[in-house]
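A.B. asks: sequence below, structure please.
(one chain, ligands or ions: 1)
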Amino acid sequence: MNALDTESFDVVIAGLGPTGLVLAHLLGQRGHRVLVLEREPVFYGNARAVYTDDECMRVFQAVNMADELQQRMLRETPCQWVAPDGSVMAQYCPTERPFGWPVVNFFYQPYLESTLAERLERYPNVEVRRGRELTQFTREGDGVTIVHEATQTYRFTDSSDAKTTANGPPAPRTVHARWLIGADGGRSTVRTLLGIEMTGKSFPEPWLVVDLKAKSPDASGLRHVPYFNFFCNPDGPVVSCPQPDGHHRFEFMLMPGDTKEEMEKPETVRRLLSRYVNMVTCGGQATIPIVAAVSRVAKVHYAEIVAAISSRSAGPGTRANIDEFVETTASALERVGGATRGRAILILNPAEPPQLMRDTVFVLSDDADESAVRASIEAMVAEVQTYVPGYRLKQELQFDHVRVSVPGLGEVSGLKTSAFLEVEGAADYLPAFAGNLDIMTSASRATGERIARFLASQGP
Ligand SMILES: Cc1cc2nc3c(=O)[nH]c(=O)nc-3n(C[C@H](O)[C@H](O)[C@H](O)COP(=O)(O)OP(=O)(O)OC[C@H]3O[C@@H](n4cnc5c(N)ncnc54)[C@H](O)[C@@H]3O)c2cc1C
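C.D. replies: Numbering: from 1, shown residues only. Model prediction:
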């Protein structure tokens, strides 16, 4: 017998999911000696639940966790039922708080679980043992004797979703407890050993769950889908759920004929998400094509753009997000334009009468044939003009052979191409100086048409 065999607790909880965590808090608060056995050696952070209500908030309040957990929740986000044409059929947004907490709370489950787990430290009478799996138990006298051992095959490591096999031996141990609580989830060992059938019901339809995280929470490419939307499309229902810190959940219902294998392919996921794309900034729409045109001819080391728009055509959204404009555009100069390093500057021009949108593009590339660069840019300008007729080169392209110091890249020598663009709006509804708005609308329409062509090419 091992010395540990004599261990004794008031309660052993199998499973450190949300149920086990809340139980451990409740029992710890009441002074019980608790051991929690969790089979996963590390928290695997599987995002599942996204929503909780005011009754659950009351439970969190009971263990003094509600305020902390609320800080990382989106509160009272409107929920919408959206028709296939994008119109909103119904909205649900309760703002009354009959239990003192918001009725609608969206969260990211790994935050919830890790916060609850960290705060267990406040109870010296609660012990958590990770990587220990309950395998057997027997009822004895006034309690239960529980066998637990080192998990041999667990689902996730902290760096991968793959199944992993443990290196060490199982090293079984026993503990005694007055009570054993099975909080070990849908495939509960405790329930199986007791011969209890799983009751309750689940949704019969299978869904593909896609969890996204914006690279920067401040520059979320998903701000344009701010509500919890049920897209009620008979051809394929979709759920879109905003979550804190740039997380976002999409769920796509599998339709008859859809297979799990096909739905999980990256190209399928990209196709499904393509309906929900956001557009890069007006300055990016105007300038990135020029950088991409140079990239077709020579390696681009650095691209810097200066977008000047009339102050009168800069709405509250632009004004509130200038930092986001700069970051997003710089990132797109690199990722779409092909520059190793991108930099963007936005100028709100207060001149009266208002000036047309102007964009200056400096591109530093490897040395290249100037006529080839010129031809590539002129072809690109002609292409953009097919959907933005007021887009043009305002002056001749300028070429210089330079050697300059680029922040982050050091000394670079090569061809500096300077392009000076003007974007005149169509003036159908907005004034001609609002070319920044015109180019966005035109680019959105062109993108929508491309998506429609792509989807049509995929067949019904
Ligand atoms: C896609 C999806 C969306 C969801 N959305 C929502 C939602 O919006 N709102 C909501 O309330 N719920 C939602 N749920 C359900 C919610 O995630 C679960 O109800 C919740 O995670 C269950 O918590 P639990 O602690 O009971 O079980 P689990 O979270 O499954 O935790 C069980 C724990 O026990 C451990 N374990 C298992 N066997 C053993 C063993 N033998 N010994 C020791 N440890 C063991 C496991 O490793 C695990 O950590 C969703 C679920 C899914 C899949």
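
A.B. asks: for the residue in the stretch 201-350 of the chain that the ligand sits nearest to, give me its contacts.
C.D. replies: Here the residue of the stretch 201-350 of the chain nearest the ligand is residue 209; by C-beta to the nearest ligand atom that distance is 4.8 Å. Quick note: C-beta positions are derived from backbone N, CA and C, even for glycine. With contacts defined as C-beta atoms under 8 Å, 6 or more residues apart in numbering, the neighbours of residue 209 are 249, 250, 251.

A.B. asks: can you put those in a markdown table and add pLDDT?
C.D. replies: Written out in a markdown table, the entries for the contacts of residue 209 read as follows (pLDDT from 0 to 100):
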| residue | pLDDT |
| --- | --- |
| 249 | 96 |
| 250 | 97 |
| 251 | 97 |
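
A.B. asks: most surrounded residue in these?
C.D. replies: Of all these, the most densely surrounded is residue 250 (23 neighbours; neighbours counted as other C-beta atoms under 10 Å).

A.B. asks: could you look up the SS state of it?
C.D. replies: The assignment at residue 250 comes out as strand when based on DSSP: H, G, I helix; E, B strand; the rest coil.

A.B. asks: beta partners for it?
C.D. replies: residue 210, residue 240 (DSSP bridges).

A.B. asks: just residue 401 next, same as before
C.D. replies: Applying DSSP bridges to residue 401, the residues it is bridged with are residue 415.

A.B. asks: if I look at it, how far off is residue 366?
C.D. replies: According to C-beta to C-beta, to the nearest Å, residue 401 stands 11 Å off from residue 366.

A.B. asks: same question for residue 322.
C.D. replies: Using C-beta to C-beta, we find residue 322 at a distance of 32 Å from residue 366.

A.B. asks: for this structure, where's the lowest mean pLDDT among helices and strands?
C.D. replies: The element with the least model confidence among the helices and strands of the chain, by mean pLDDT, DSSP states H and E, is strand 164-165, at a mean of 72.

A.B. asks: does that strand come close to the ligand?
C.D. replies: No - Strand 164-165 does not reach the ligand (C-beta under 6 Å from any ligand atom); its nearest approach is 13.3 Å.

A.B. asks: that strand pairs with which strands, parallel or anti?
C.D. replies: strand 153-154 (antiparallel).

A.B. asks: give me phi/psi at the residue of the chain lying at maximal distance from its centre?
C.D. replies: Of all residues in the chain, residue 141 sits farthest from the chain's C-alpha centroid, using C-alpha atoms, centre = their mean; the distance is 51.4 Å. Main-chain torsions, residue 141, degrees, to the nearest 10: phi 50, psi -120.

A.B. asks: what about residue 401 and residue 366, which has more around it?
C.D. replies: Set side by side, residue 401 and residue 366 show unequal neighbour counts under other C-beta under 10 Å, the larger going to residue 366 at 14 against 10.

A.B. asks: right, and the more buried one touches residue 299 too?
C.D. replies: Yes - counting by C-beta atoms under 8 Å, residue 366 does reach residue 299; the two are 4.7 Å apart.

A.B. asks: nearest residue to the residue in the chain positioned nearest to the ligand other than its sequence neighbours?
C.D. replies: Among the residues of the chain, residue 17 lies nearest to the ligand; the distance is 2.1 Å by C-beta to the nearest ligand atom. Distances taken as C-beta to C-beta, 6 or more residues apart in numbering place residue 185 nearest to residue 17, at 5.7 Å, with adjacent residues excluded.

A.B. asks: how would you label the one you found: helix, strand or coil?
C.D. replies: Following three-state DSSP, we place residue 185 in the coil state.

A.B. asks: that one - how many residues pack around it?
C.D. replies: 16.

A.B. asks: quick check: it touching residue 15?
C.D. replies: Yes - between residue 185 and residue 15 there is a contact at 5.9 Å, judged by C-beta under 8 Å.

A.B. asks: for the stretch 51-200 of the chain, which spans come out with low pLDDT?
C.D. replies: Judged by pLDDT under 70, the stretch 51-200 of the chain has its weakly predicted residues at 155-163.

A.B. asks: quick one, strands of it?
C.D. replies: When secondary structure is read from DSSP state E, counting those that start in this stretch, the stretch 51-200 of the chain shows strands at 51-52, 74-75, 79-82, 88-92, 105-106, 126-130, 132-140, 143-150, 153-154, 164-165, 173-182.

A.B. asks: most packed of the ones you listed?
C.D. replies: Per residue and on average, the most neighbours among those fall to strand 105-106, with a mean of 22 (mean count of other C-beta atoms under 10 Å).

A.B. asks: quick check, that one touching the ligand?
C.D. replies: No - for strand 105-106 and the ligand, the contact criterion (C-beta under 6 Å from any ligand atom) is not met; the two come no nearer than 8.4 Å.

A.B. asks: which strands or helices does that strand pack on?
C.D. replies: Secondary structure elements in contact with strand 105-106, counted by 3 or more C-beta pairs under 8 Å, 6 or more residues apart in numbering; DSSP states H and E, are strand 51-52, helix 54-62, strand 74-75.

A.B. asks: buried sites along the longest one?
C.D. replies: Buried residues in helix 54-62, counted by 16 or more other C-beta atoms under 10 Å: 54, 56, 57, 60, 61.

A.B. asks: return the member of these nearest to residue 267.
C.D. replies: Of all the buried residues of helix 54-62, the one with the least separation from residue 267 (C-beta to C-beta) is residue 56, at 37.8 Å.

A.B. asks: so how far is residue 242 from the nearest residue to the closest one once chain neighbours are set aside?
C.D. replies: The shortest distance from residue 56 to any residue other than its chain neighbours is 8.0 Å, reached at residue 105 (C-beta to C-beta, 6+ apart). With distances taken as C-beta to C-beta, residue 105 is found 12 Å from residue 242.

A.B. asks: that older thread, show me which of the contacts of residue 209 is closest to residue 437.
C.D. replies: Lowest distance from residue 437 to these (C-beta to C-beta) belongs to residue 250, with 28.6 Å.

A.B. asks: how close does the closest one sit to residue 239?
C.D. replies: Remark: distance between residue 250 and residue 239 (C-beta to C-beta) = 7 Å.

A.B. asks: what is the burial count for residue 9?
C.D. replies: Every residue meeting other C-beta under 10 Å relative to residue 9 is counted, giving 22.

A.B. asks: show me the contacts for it.
C.D. replies: In this structure, residue 9 makes contact with 33, 34, 35, 175, 176, 177, 178, judged by C-beta under 8 Å, 6+ apart.

A.B. asks: who's in contact with the first one?
C.D. replies: Neighbouring residues of residue 33 by C-beta under 8 Å, 6+ apart: 8, 9, 10, 11, 125.

A.B. asks: among the residues you listed, which lie within helices?
C.D. replies: Helix and strand membership here follows DSSP state H; of those, not one is in helices.

A.B. asks: just the buried residues from those, in PyMOL please.
C.D. replies: Only the buried members of these enter the following PyMOL selection, criterion being 16+ other C-beta under 10 Å:
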select buried, resi 9+10+11
